[in-house]
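dropping a prediction and its sequence here:
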Amino acid sequence: MKVVFLGTSGSLPTPERSSSCVAVKIGKGVLLLDCGEGAQRQMVAAHIGFNRVKQIFITHLHGDHVLGVPGLLQSMTLQRREEPLDIFGPRGLHAFLQGVSNTLGGPAFPVRVHEIGEPGVVLEGHSFNVEVCRGDHRLESWAYAIKEKPRPGRFHPEKARALGIPEGALWKRLQEGEDIEVLGRIVKSLDVADVPRRGRVVIYTGDTRPSEEIVRLASDADLLIHEATFADDMIERAKEDGHTTFSQAAGVAVQARVKHLILTHISSRYGDVSQLLEAAVKVFPYTIVASDFLEIEVPNA
């Protein structure tokens, strides 16, 4: 599982930071978390093919998080995409995309829009699920948890051979946690394989004030991607606008007991963010600030 930051700016893009967009590579597929203006250009620069995208998850309907979707759909059409695309987001997303399609022409492949109505699991995939909770912004907003399903534990071929289990399908069943019968005796999965490994969990908040719901969603996550629009001296402005400061985001990481924190959605008023990062690190040491094209491998548990 790799996370690629394609856009890390707040409401306005800068020469260094594009509008909000994060790509998560899982296997051969890619999912996008938000898709602000300029996402296509950033994907090209990061060598992420448009048609690798299987799902798009929109946190809220502010332009810097959603205006990249119409152009991406048009490019997918130009590339003769046939595979369906699932887009998740708040109420009003369907009307937005339909309005664009009415003006520019719709995509020539199936687009399934899923408007989120309540917290819970919104996608059950083969290797991962996606769960949501409400954010605390000026309008309806959702935070997303990408939860990888448990992975098989390490298999020990020498133990299987010693028990007389023929190599092949039976090995696979044992590694996947199934107990089997061989020559009239039961062989347990744990006789030849380690316990399953916990799946990795990545949280993406979108725009939000500090939120107890997000703390619960992010509990013990491997990686929390949290907005940090403002410095700590603008805490009242952050509260008014529905955003979070650097230290507040670090506080969320502490409460949720996450392993790592990456801050994004940085206001265009800030160039050098080193002093702002220092304030966050004092609260939660395992913190970095995202930059465009930062790529992070989420380590196995």
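It's in.

mind listing the helices for the stretch 201-301 of the chain?
Ranges of helices in the stretch 201-301 of the chain, per DSSP state H, counting those that start in this stretch, are 212-217, 235-241, 246-256, 274-283.

which of the ones you listed is buried the deepest?
helix 246-256 (a mean of 22; mean count of other Cβ atoms under 10 Å). Quick note: C-beta positions are derived from backbone N, CA and C, even for glycine.

any idea of the mean pLDDT in it?
Mean pLDDT, helix 246-256: 98.

show me how the record splits this protein into domains.
2-151+197-297, 157-192 (automatic domain parsing).

return the most buried member of these.
By mean count of other Cβ under 10 Å, those have domain 2-151+197-297 as the most buried, with a mean of 19.

in terms of mean pLDDT, which of the domains of the chain ranks lowest?
Looking at the domains of the chain, the lowest mean pLDDT belongs to domain 157-192 (a mean of 89).

in JSON lines, list the helices of the stretch 201-301 of the chain along with distance to Gly7.
Converted to JSON lines, these look like this (distance: least, Cβ to Cβ, whole Å):
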{"stretch": "helix 212-217", "distance to Gly7": "21"}
{"stretch": "helix 235-241", "distance to Gly7": "19"}
{"stretch": "helix 246-256", "distance to Gly7": "18"}
{"stretch": "helix 274-283", "distance to Gly7": "19"}
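
to Phe57, which of the ones you listed lies closest?
helix 212-217 (13.6 Å; Cβ to Cβ).

please export the C-alpha coordinates of that closest one as CSV.
Taking C-alpha atoms only, helix 212-217 is exported to CSV below (Å, rounded to 0.1, in the frame of the first residue of the first chain):
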residue,chain,number,x,y,z
GLU,A,212,-14.2,13.3,18.3
GLU,A,213,-15.8,11.2,15.5
ILE,A,214,-12.5,11.3,13.6
VAL,A,215,-10.6,10.3,16.7
ARG,A,216,-12.8,7.2,17.0
LEU,A,217,-12.5,6.4,13.3
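
for Glu82, give its distance to Asn51.
9 Å (Cβ to Cβ, to the nearest Å).

that should have said Val215, apologies.
Distance from Val215 to Asn51, by Cβ to Cβ: 36 Å.

again with Leu97
18 Å.

neighbours of Pro299, just the number please.
Using other Cβ atoms under 10 Å, Pro299 has 11 neighbouring residues.

all strands for the stretch 101-250 of the chain, in order.
With strands called from DSSP state E, counting those that start in this stretch, the stretch 101-250 of the chain shows them at 111-115, 120-124, 128-134, 142-148, 180-182, 185-187, 201-204, 223-227.

dump those strands into TSV; add distance to Gly71 as well.
Shown next, in TSV, are those (distance: least, Cβ to Cβ, whole Å):
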stretch	distance to Gly71
strand 111-115	14
strand 120-124	24
strand 128-134	24
strand 142-148	22
strand 180-182	52
strand 185-187	55
strand 201-204	21
strand 223-227	23
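
which one of these lies closest to Ile58?
Short answer: strand 142-148, nearest of these by Cβ to Cβ, at 8.2 Å.
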